[in-house]
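Engineer: no sequence on hand, only this structure:
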């Protein structure tokens, strides 16, 4: 127990500083990949940073989960100020016809939403002027965090 450093990817802070505009500039990563977990993460950020703009990046995990929970994902994500969706991380599944991240995107009740190819995520984040960035999902989005942090630190 004395060597346990805590869980990885559960509300893990990657950046916590004051930006050039005097507002917080924060990056948090969370493994949340179920609508209830997403809602809990968003609400936790809102409690910690109630006056800050919240940008959520979500990478859906599995085609079947996206199909089964698309409406609930959209409802949870609608609580953010801005939503960036990545393509589905398929893991062990083959694509399901008609199911994609766009299935969620079309149901999000928020004008500030977009679907972004993974290779364009860094550029999109750099141009977003985020205050609080919350990355969510059980896929490989966490592998991009060092590069995201490096790019943000170069601003």
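Structural biologist: Cool, got the structure. Being a predicted model, the structure only gives us computed values, none of them experimental.
Engineer: in this structure, where is pLDDT below threshold?
Structural biologist: 1-7 (pLDDT under 70).
Engineer: just the helices in this protein please.
Structural biologist: 35-48, 63-77, 101-105, 121-126, 145-153 (DSSP state H).
Engineer: TSV please, covering those helices and showing distance to residue 55 and mean neighbour count.
Structural biologist: (Glycine included, C-beta is placed from N, CA and C.) Shown next, in TSV, are these (distance: least, C-beta to C-beta, whole Å; neighbours: other C-beta atoms under 10 Å):
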stretch	distance to residue 55	mean neighbour count
helix 35-48	10	17
helix 63-77	11	19
helix 101-105	15	20
helix 121-126	8	16
helix 145-153	12	14
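Engineer: any chance of those in a markdown table, plus distance to residue 29?
Structural biologist: Output for these, formatted as a markdown table (distance: least, C-beta to C-beta, whole Å):
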| stretch | distance to residue 29 |
| --- | --- |
| helix 35-48 | 10 |
| helix 63-77 | 16 |
| helix 101-105 | 19 |
| helix 121-126 | 13 |
| helix 145-153 | 6 |
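Engineer: looking at these, which is closest to residue 17?
Structural biologist: Closest to residue 17 of these, according to C-beta to C-beta: helix 145-153, at 9.3 Å.
Engineer: packing partners for that closest one?
Structural biologist: Secondary-structure packing of helix 145-153 (3 or more C-beta pairs under 8 Å, 6 or more residues apart in numbering; DSSP states H and E): strand 12-18, strand 24-30, helix 121-126, strand 132-136.
Engineer: of all those, which one is nearest residue 88?
Structural biologist: strand 132-136 (13.4 Å).
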